[in-house]
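>>> need a structure here:
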Amino acid sequence: QVQLVESGGGLVQAGGSLRLSCAASGRAFSRYAVGWFRQVPGKEREFVAVISGPANVKYYADSVKGRFTIFRDNAKNMAYLEMNSLTPEDTAVYYCAANDRLTTQNRAEYDYWGQGTQVTVSS
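Got it, this is the predicted structure:
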């Protein structure tokens, strides 16, 4: 079992930056791939980025590539999403998720989810 809690969301102007954090509790956090997803009302939850357990594999959605960076600190049971050059299109609730099988963009593969943190980018 893994419990995930996101933090770091908020209101930021376009062009600004935010760092989201995902705190994990439970055992063997380094076994779990951690993904970040986001969702706006009326739309499906979409993939943003994923990092493998040992942090040697990372994938990004095309829409955030070059602007967002995913990283983790397994010693602290933490994962992060550094978001730069934010645009209003990045406004969403951001979720972190974990699974111990695949470093994947497929949200159906994730067993554990946080409650989400709101990111709002004003123009």
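
>>> in what helix or strand does the residue nearest the centre of the chain lie?
In the chain, the residue lying closest to the centroid (C-alpha atoms, centre = their mean) is Trp36, at 2.4 Å. Using DSSP states H and E, Trp36 maps to strand 33-39.

>>> does the residue nearest to the centre of the chain have beta-bridge partners, and which?
Ala49, Cys96 (DSSP bridges).

>>> thought it was touching Val50?
Yes. Counting by C-beta atoms under 8 Å, Trp36 does reach Val50; the two are 7.3 Å apart. Just so you know, the C-beta spots here come from the backbone N, C-alpha and C atoms, and that holds for glycine as well.

>>> shared neighbours, these two?
Ile70 (C-beta atoms under 8 Å, 6 or more residues apart in numbering).

>>> list the residues that contact the residue nearest to the centre of the chain.
20, 22, 48-50, 70, 81, 94-97 are the contacts of Trp36 under C-beta under 8 Å, 6+ apart.

>>> just the buried residues of these.
20, 22, 48-50, 70, 81, 94-97 (16 or more other C-beta atoms under 10 Å).

>>> what is the rounded mean pLDDT of the strand holding Trp36?
Averaging pLDDT along strand 33-39 yields 98.

>>> again with stretch 103-119
On average, stretch 103-119 scores 97.

>>> and stretch 36-52, how far from the chain's centre?
Centroid separation for stretch 36-52 versus its chain: 8 Å, with C-alpha atoms, centre = their mean, to the nearest Å.

>>> in the strand holding Trp36, which residues are buried?
Buried residues in strand 33-39 (16+ other C-beta under 10 Å): 33-38.

>>> what's the closest of these to Gly66?
Within the buried residues of strand 33-39, the smallest distance to Gly66 is 15.6 Å, found for Trp36 (C-beta to C-beta).

>>> what's the distance between the closest one and Ser52?
14 Å (C-beta to C-beta, to the nearest Å).
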